[in-house]
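S.K.: After the sequence you'll find the predicted model.
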Amino acid sequence: MITRSQLKWIFLSLVALRLIVGFHFFTEGKNKIEQGDWSAAPFFAAAKGPMAPFFHSLLPDWSYRETLCVVPAKPAGDKKNNPVVKRDQAPAASNAPKFEIDPYRTFGQWDIFLENVLVGYRLKQSEIADRIASMDREIKRLDSEIDAAHASDDASLEKDLTRQRAQRIAVKDRLAKADPLVDLLEILKRRRDQLNDYLFFPTHRDEILKSVEDENRLAGFVRDGENRSSSGQDVESLRSQIDSIRSEIQSVRGKHAVEIQGIWNGLEEEMNSYGLQLSSPLETGESLRRQVSLPKPFEIKPTTQLYWINTIVPYFDLTVGILLLLGLFSRITSLAAACFLLGIIVTQPLWVPGHDPKIIWNLVEFGALLVMAATVAGRFGGLDYFLHRFFGKSEEEPETTSSP
């Protein structure tokens with residue numbers, strides 16, 4: 001039998017557990033919302049274990065292959081035209097590389113960016129002609145206003161109008177002398193040559209391709225270790241070797257990615273600078289003062305799934321925290337929060353060597369949420385007590401059946 005004193009301590013323990021977990025979720029959600037740019041990307045990037053490939057797939061250009069312009073190698077020839085291999089002759093092992101460097105995707109993005117610059121800064125020939133005609137009309141209007149100011153002996157007004165006229169003429173001359181398409185194509189060609197020179201420099205090319213081959217070998221190595229009955233990853237020396245290879249791969253890719261990022265940034269800045277030179281704040285103009293962005297594969301721009309995760313999670317945490325603090329809908333809230341924590345736990349399974357030690361606290365809170373769901377903790381000092389009292393059927397009341 002449970003004594004009255006024990007019931008009191010059970011009541012207080014469940015209330016304290018609900019308030020502590022609720023406060024934690026509330027503060028996590030509040031901090032994420034106040035941060036503004038919170039992202040789940042670092043959690044997914046650090047994922048380990050069997051679910052790691054799925055979480056990595058949610059990140060843009062996780063392996064830097066798009067940034068480094070690495071693509072599967074094209075076959076040397078059409079295999080359909082090759083002679084049929086004899087039945088008693090095994091095909092020779094192919095030493096052809098599995099990957100190659102080809103920046104065609106990068107150049108495609110740059111071509112789209114050039115078109116966006118032409119549109120964003122109104123640099124099409126027809127638009128430039130319209131802007132020059134508009135400048136001519138502005139100059140004629142200012143001429144008449146200058147004459148009127150001169151006739152009225154208003155020296156300050158005449159001086160201001162003359163300054164505006166000179167600015168319009170400067171803008172008109174700048175537009176008339178420019179050939180935006182030719183100039184932008186020259187910038188684009190120079191940056192393409194710069195990227196090609198970097199990527200196909202023998203040392204750079206070999207290091208990049210070797211890092212991709214090492215990644216594939218490492219993936220197979222890790223899978224083999226995980227599939228053994230006594231996992232090789234549990235051996236300290238083997239785990240150290242795997243970590244060393246991973247670190248070396250990231251170091252090589254990071255070094256080259258930084259250089260390539262500089263080329264992308266240089267192209268974006270140079271084309272925007274050119275567009276701004278042909279734009280004038282005197283023209284209609286927030287669109288002319290807004291720089292055109294170049295989407296880069298190395299920027300942490302969320303995929304569709306990651307975007308929704310980043311958008312929903314802060315408000316999910318905040319909502320769970322508020323509901324648990326109020327003790328409202330505590331069972332469904334606790335189950336939803338437990339599922340959320342389970343998603344975090346599988347990014348760093350405890351049985352995978354090298355997991356984040358802090359993941360154990362998520363496991364503890366996961367257990368606490370299951371306890372609250374099982375006991376409907378909101379009925380202990382929460383609003384669920386009133387919902388159950390007024391809208392729920394009393395569990396103590398047995399059903400009565402009418403006897404014939």
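M.R.: Looks like it came in fine.

S.K.: Which stretches in the stretch 301-404 of the chain count as helices?
M.R.: Under the criterion DSSP state H, counting those that start in this stretch, helices of the stretch 301-404 of the chain are mapped to 304-326, 330-345, 359-375, 384-391.

S.K.: Dump those to a markdown table, plus mean pLDDT.
M.R.: Below are the helices of the stretch 301-404 of the chain laid out as a markdown table (pLDDT from 0 to 100):
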| stretch | mean pLDDT |
| --- | --- |
| helix 304-326 | 91 |
| helix 330-345 | 93 |
| helix 359-375 | 92 |
| helix 384-391 | 85 |
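
S.K.: For the ones you listed, give me TSV that also has distance to residue 40 and mean neighbour count.
M.R.: To be clear about C-beta, it is placed using only N, CA and C from the backbone, and glycine gets the same treatment. Shown next, in TSV, are these (distance: least, Cβ to Cβ, whole Å; neighbours: other Cβ atoms under 10 Å):
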stretch	distance to residue 40	mean neighbour count
helix 304-326	5	17
helix 330-345	9	19
helix 359-375	14	17
helix 384-391	30	14
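
S.K.: Relative to residue 26, which of these is closest?
M.R.: Among those, helix 304-326 comes nearest to residue 26, with 2.7 Å by Cβ to Cβ.

S.K.: if you skip the residues just before and after it, what's nearest to residue 10?
M.R.: residue 2 (7.7 Å; Cβ to Cβ, 6 or more residues apart in numbering).

S.K.: tell me the pLDDT at the one you found?
M.R.: You'll see residue 2 listed with a pLDDT of 73.

S.K.: show me what contacts the nearest residue to residue 116 once chain neighbours are set aside?
M.R.: Spatial nearest neighbour of residue 116, excluding adjacent residues (Cβ to Cβ, 6+ apart): residue 292 at 5.1 Å. Taking Cβ atoms under 8 Å, 6 or more residues apart in numbering, we find residue 292 in contact with 113, 116-117, 120-121, 271-272, 275.

S.K.: Equivalent analysis for residue 53, please.
M.R.: Counting by Cβ under 8 Å, 6+ apart, residue 53 touches no other residue.

S.K.: just residue 341 next, same as before
M.R.: 362-363, 365-366, 369 are the contacts of residue 341 under Cβ under 8 Å, 6+ apart.

S.K.: Output the residues you listed in TSV; the columns should cover distance to residue 311.
M.R.: Formatted as TSV, these follow (distance: Cβ to Cβ, whole Å):
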residue	distance to residue 311
362	22
363	26
365	23
366	24
369	23
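
S.K.: which of these lies closest to residue 208?
M.R.: Nearest member of those to residue 208, counting by Cβ to Cβ, is residue 362, at 37.0 Å.

S.K.: Serialize the helices of the stretch 301-404 of the chain to TSV and add fields for distance to residue 61.
M.R.: Below are those laid out as TSV (distance: least, Cβ to Cβ, whole Å):
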stretch	distance to residue 61
helix 304-326	12
helix 330-345	23
helix 359-375	26
helix 384-391	46
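
S.K.: Which stretch among those helices approaches residue 13 most closely?
M.R.: Nearest of the helices of the stretch 301-404 of the chain (Cβ to Cβ): helix 359-375, 9.7 Å.

S.K.: can you state the direction angle for that closest one and helix 304-326?
M.R.: Angle of helix 359-375 versus helix 304-326, following axes from the mean of the first three to the mean of the last three Cα atoms, to 10 degrees, is 60 degrees.

S.K.: Put the alpha carbons of helix 359-375 into CSV.
M.R.: C-alpha atoms of helix 359-375 as CSV (Å, rounded to 0.1, in the frame of the first residue of the first chain):
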residue,chain,number,x,y,z
ILE,A,359,24.1,13.0,-25.8
ILE,A,360,23.5,11.1,-22.6
TRP,A,361,21.6,14.1,-21.2
ASN,A,362,19.2,13.9,-24.1
LEU,A,363,18.7,10.2,-23.3
VAL,A,364,17.9,11.1,-19.7
GLU,A,365,15.4,13.7,-20.7
PHE,A,366,13.9,11.2,-23.2
GLY,A,367,13.2,8.8,-20.3
ALA,A,368,11.7,11.6,-18.2
LEU,A,369,9.3,12.5,-21.1
LEU,A,370,8.2,8.9,-21.3
VAL,A,371,7.5,8.9,-17.6
MET,A,372,5.4,12.1,-17.9
ALA,A,373,3.5,10.7,-20.9
ALA,A,374,2.7,7.4,-19.0
THR,A,375,1.6,9.2,-15.9
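
S.K.: Just want the angle from that helix to helix 330-345.
M.R.: Going by the same axes, to 10 degrees, helix 359-375 makes 160 degrees with helix 330-345.

S.K.: Can you give the contact residues for helix 359-375?
M.R.: 14, 17-18, 21, 24, 324, 330-331, 334-335, 337-338, 341-342, 344-345, 348, 350, 377.

S.K.: and it, how far out from the chain's middle?
M.R.: Helix 359-375 sits 30 Å away from the centroid of its parent chain (Cα atoms, centre = their mean, to the nearest Å).

S.K.: Then stretch 254-270?
M.R.: 18 Å.

S.K.: Same check on stretch 34-47?
M.R.: On Cα atoms, centre = their mean, the centre of stretch 34-47 falls 9 Å from that of its chain.

S.K.: average pLDDT across that stretch?
M.R.: On average, stretch 34-47 scores 84.

S.K.: residues of it that come out buried?
M.R.: 38-41, 44, 47 (16 or more other Cβ atoms under 10 Å).

S.K.: Equivalent analysis for stretch 173-190, please.
M.R.: In stretch 173-190, counting by 16+ other Cβ under 10 Å, buried: 175, 180, 184, 187-188.

S.K.: need those residues in TSV with distance to residue 297, secondary structure and pLDDT, can you?
M.R.: Shown next, in TSV, are the buried residues of stretch 173-190 (distance: Cβ to Cβ, whole Å; DSSP: H, G, I helix; E, B strand; the rest coil; pLDDT from 0 to 100):
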residue	distance to residue 297	secondary structure	pLDDT
175	34	helix	78
180	26	helix	87
184	21	helix	93
187	20	helix	95
188	18	helix	96
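
S.K.: No further queries at this time; thank you.
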